[in-house]
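*Asks:* Model the following, please.
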Amino acid sequence: MLGQSARRIGRSLTATVLASTALAGLAVLTAAAPGHAATAKGWWASGYTGRQVHATWAGPGVGFIAWTVGLSVSTVKTNAYRSCRSNWTTVNLDVAWNSASLRNGAQLVIIDSVKLSNGTWRDAGPALTISKAMQWPGHPAFGGQYRVQVYTPGNVHVVLAHIQSWISNGGVPYPDPTGSGDSVNLRQLRRC
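*Replies:* Below you'll find the model as predicted:
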């Protein structure tokens, strides 16, 4: 009798398998039960622009100025009942910058957005106005990290992330003449 109980406990322990899988920077914990292979269902995407250096003439009193920005994005579209057919996608943004060359009242302005698979664009996160000169990564712990919900009906999903930045001097915008916007196509993982 004791031997049968021990075997049952042993089987139930081996039947419950926990697997941790890293998907696009998100840790997903799944439990597999006997007879089925449990997998997380949803639509994940991620990408990183890398460090992007920009420079411009920012008017009198500031002169030539350079700055660096970077954007890391991860998204997940899922819910317990509808999987990939959820109407909302969670977008996690981590914005980094180097504003060490700011001087004489100049400010670095950063705006983030995402492009959806249906071609529409959505703003993502708040607009940042940086007036303090700081080295990379520019933000204090969690100061440049945001989580937003983006409306993505049906099979629509996030395909691209974009960071736009420029210098503001006395309220006048001075973008990089070679382009102040940086984009990254997001790697996709779909399990529906």
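
*Asks:* Isn't G50 up against G70?
*Replies:* Yes: assessed by CB atoms under 8 Å, G50 is found in contact with G70 at 6.2 Å. The way it works is simple: take the backbone N, C-alpha and C, and place the C-beta from them, glycine included.

*Asks:* which one of these two has more residues nearby?
*Replies:* When G50 and G70 are compared for neighbours, G70 comes out ahead with 21 against 10, by other CB atoms under 10 Å.

*Asks:* Return the residues in contact with that one.
*Replies:* 48-52, 95-97, 137, 163 (CB atoms under 8 Å, 6 or more residues apart in numbering).

*Asks:* so which of those comes closest to I65?
*Replies:* W97 (13.0 Å; CB to CB).

*Asks:* need the contact list for that closest one.
*Replies:* W97 neighbours (CB under 8 Å, 6+ apart): 67-70, 108, 110, 130, 134, 136-139, 144, 165.

*Asks:* Is it within a helix or a strand, and which one?
*Replies:* Using DSSP states H and E, W97 maps to strand 88-98.

*Asks:* Tell me which other helices or strands the helix or strand that that strand is followed by touches.
*Replies:* Using DSSP H and E, the next helix or strand after strand 88-98 towards the C-terminus is strand 107-116. Using 3 or more CB pairs under 8 Å, 6 or more residues apart in numbering; DSSP states H and E, the elements in contact with strand 107-116 are strand 64-77, strand 88-98, strand 121-123, strand 128-130, strand 158-169.

*Asks:* same question for strand 107-116, mean pLDDT?
*Replies:* In this model, strand 107-116 carries a mean pLDDT of 94.

*Asks:* Next: stretch 95-103.
*Replies:* Mean pLDDT, stretch 95-103: 89.

*Asks:* Tell me the buried residues in it?
*Replies:* By neighbour count on 16 or more other CB atoms under 10 Å, the buried set for stretch 95-103 is 95-99, 101-102.

*Asks:* ok, back up a step: give the pairing partners of the strand holding W97; include direction for each.
*Replies:* Strand 88-98 pairs in its sheet with strand 64-77 (antiparallel), strand 145-151 (antiparallel), by DSSP bridges.
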